[in-house]
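Sequence and predicted structure are below.
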Amino acid sequence: MRKNEIINILESFENWRESYNGRDYGLGVDEYYSEEKLHYPEAYAKLGNGYLFLYKSLQDRKYLDKATECAQWLLKNSYTKEWKSWGLPFKYKCVPAFSPYLLTTVFVGDFLLNYFHITNDEEILKVVLSIADYLFENYYVEEAKSYFVYSLHSCLSYNIYNATSLALGFLSNLKEYLSFRNLEKLEKVYNTLLSSQIKYNIWGYSDDNNLIDLLHSVYTIEGLLEYSKNLKDDNLDVIYKAYKFTKKFFITKNGFCIRTLPRISKLELKELLSYIKRIIKYKVKLFTSNDEARLWGYAAALRLGVKMGNFDLAFNILNFVKNNLFVDEGYFKYKSSDSRIFIRHEAHIFEAISLLFYRAKGGEMSEVN
């Protein structure tokens, strides 16, 4: 796929998005709440990152202006007054609407940090550092195994590996601003994640849930990769093995992505091995809609290819997405056989393709086998 084809996809998407929600970038429906359009901070952050990648690639001021509008909306719409934090605009389990979550706050923090690196706006840096303080003070738990809780509400106040890992990666990007004590906390979290792998250098969802799925596996790898690059590069082999597992068992050669592996425990490896053999043997046409990853799963897999330097993998995924999920109107389907539009998913794939365009345009075209 040529670079002009990628920018054509991104520009078509942006034309669709403008017709869908105008300057309310993160306004839309969600797979978990489709009754009405709401504003999703996660979508503002992911779209904002996409605009930053396009600005860096094309030096077109309009993309920086759009990123600025996303940043301004987020700063004006924090879910808490004392701290800057963000979450979901609907109730989920025991968590009320407009309550902050670790993952959403990390997504926003990551975007604002990227925005600061381009604009050098010291006020933005102050906000990013206050987010770090908020996470350490409210979400960090130091026990035999240290981690960040997913939510401050009891039903989700535990260690979800992928969210903890992304928080670890985000905070490690602030290493020059963190105290020695906070750096120690990050190392303890890092060691917790390494000790929480089940088999094949991969993670389940949490201590009590061994479900292995594409999206959250990639999140976990991304956070650990970021931390390792910033603070500890002696365990990259662990990350590389997790990447190899994910590539082999979740992504087919033509870019089709699989959503989950079976729920397993350490005593159920025969079931996992049987499933793996079937994945290797089956052709894409034998998978059902339930087996296919959701749109943000494709986005995660595409980002993984880019971040691991495997551009062949990233372009294979993008080609599948272009041929099976991208529609003439400019948006992306939820799945190959499901045309529903969910704004958070749309934002994730826009960010991922923009990242690929930026890295490919910069000539970083190497491959990890």
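Sure, I can see it. Numbering: from 1, shown residues only.

and stretch 37-52, C-alpha only, in PDB?
Extracted C-alpha coordinates of stretch 37-52, given in PDB (Å, rounded to 0.1, in the frame of the first residue of the first chain):
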ATOM      1  CA  LYS A  37     -24.600  10.200  21.600                       C
ATOM      2  CA  LEU A  38     -22.300  11.200  24.500                       C
ATOM      3  CA  HIS A  39     -18.900  12.800  24.700                       C
ATOM      4  CA  TYR A  40     -16.100  10.200  25.300                       C
ATOM      5  CA  PRO A  41     -12.800  11.600  26.600                       C
ATOM      6  CA  GLU A  42     -11.000   8.500  25.300                       C
ATOM      7  CA  ALA A  43     -12.100   9.400  21.800                       C
ATOM      8  CA  TYR A  44     -10.900  13.000  22.100                       C
ATOM      9  CA  ALA A  45      -7.500  11.600  23.300                       C
ATOM     10  CA  LYS A  46      -7.100   9.000  20.500                       C
ATOM     11  CA  LEU A  47      -8.300  11.400  17.800                       C
ATOM     12  CA  GLY A  48      -6.000  14.000  19.200                       C
ATOM     13  CA  ASN A  49      -3.000  11.700  19.000                       C
ATOM     14  CA  GLY A  50      -3.900  10.900  15.400                       C
ATOM     15  CA  TYR A  51      -4.000  14.600  14.600                       C
ATOM     16  CA  LEU A  52      -0.600  15.100  16.200                       C
END
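
Surely residue 95 is in contact with residue 149?
No - no contact is recorded between residue 95 and residue 149 when judged using CB atoms under 8 Å, the distance being 11.7 Å. For glycine as for every other residue, the C-beta is placed from the backbone atoms N, C-alpha and C.

Find residues that contact each of those two.
Residues touching both residue 95 and residue 149 comprise residue 156, with contact defined as CB atoms under 8 Å, 6 or more residues apart in numbering.

Tell me, how many residues neighbour residue 122?
Close neighbours of residue 122, defined as other CB atoms under 10 Å, add up to 9.

Residue numbering should commence at 8 henceforth.
All set: I'll call the first residue 8, so the last point we hit is now residue 129.

what's the spacing between it and residue 44?
Noted for residue 129: a distance of 35 Å to residue 44, by CB to CB, to the nearest Å.

Ok, residue 245 next?
When distance is defined by CB to CB, residue 245 is 42 Å away from residue 44.

my read: residue 214 touches residue 165, true?
Yes - at 7.3 Å, residue 214 counts as touching residue 165 under the criterion of CB under 8 Å.

Which one's more surrounded, these two?
Taking other CB under 10 Å, residue 214 and residue 165 do not tie; residue 165 has more neighbours (16 against 13).

if I pick that one, what's in contact with it?
Contacts of residue 165 (CB under 8 Å, 6+ apart): 156-157, 213-215.

right, and residue 154 touches residue 169 too?
No - counting by CB under 8 Å, residue 169 is not a contact partner of residue 154; they are 11.5 Å apart.

which residue ranges form the helices in the stretch 258-376 of the chain?
Along the stretch 258-376 of the chain, counting by DSSP state H, counting those that start in this stretch, helices occupy 276-288, 302-314, 318-331, 350-368.

highest average neighbour count across those?
Mean neighbours per residue, mean count of other CB atoms under 10 Å, is largest over those for helix 302-314, with a mean of 27.

How far off centre is that one?
Distance of helix 302-314 from the chain centroid (CA atoms, centre = their mean, to the nearest Å) equals 8 Å.

Next, the angle from it to helix 318-331.
150 degrees (axes from the mean of the first three to the mean of the last three CA atoms, to 10 degrees).

Convert the C-alpha atoms of helix 302-314 to CSV, please.
What follows is helix 302-314 as a C-alpha-only set of coordinates in CSV (Å, rounded to 0.1, in the frame of the first residue of the first chain):
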residue,chain,number,x,y,z
LEU,A,302,-12.3,-2.6,15.4
TRP,A,303,-10.1,-1.4,18.3
GLY,A,304,-8.6,-4.9,18.4
TYR,A,305,-7.4,-4.3,14.8
ALA,A,306,-6.1,-0.9,15.9
ALA,A,307,-4.2,-2.5,18.7
ALA,A,308,-2.6,-5.1,16.4
LEU,A,309,-1.7,-2.5,13.9
ARG,A,310,0.0,-0.3,16.6
LEU,A,311,1.8,-3.4,17.8
GLY,A,312,3.3,-4.0,14.4
VAL,A,313,4.4,-0.4,14.1
LYS,A,314,6.0,-0.3,17.6
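
relative to helix 350-368, how tilted is that helix?
Here helix 302-314 runs at an angle of 20 degrees relative to helix 350-368 (the same axes, to 10 degrees).

Show me where the stretch 8-157 of the chain dips below the pLDDT cut-off.
Filtered on pLDDT under 70, the stretch 8-157 of the chain yields no residues whatsoever.
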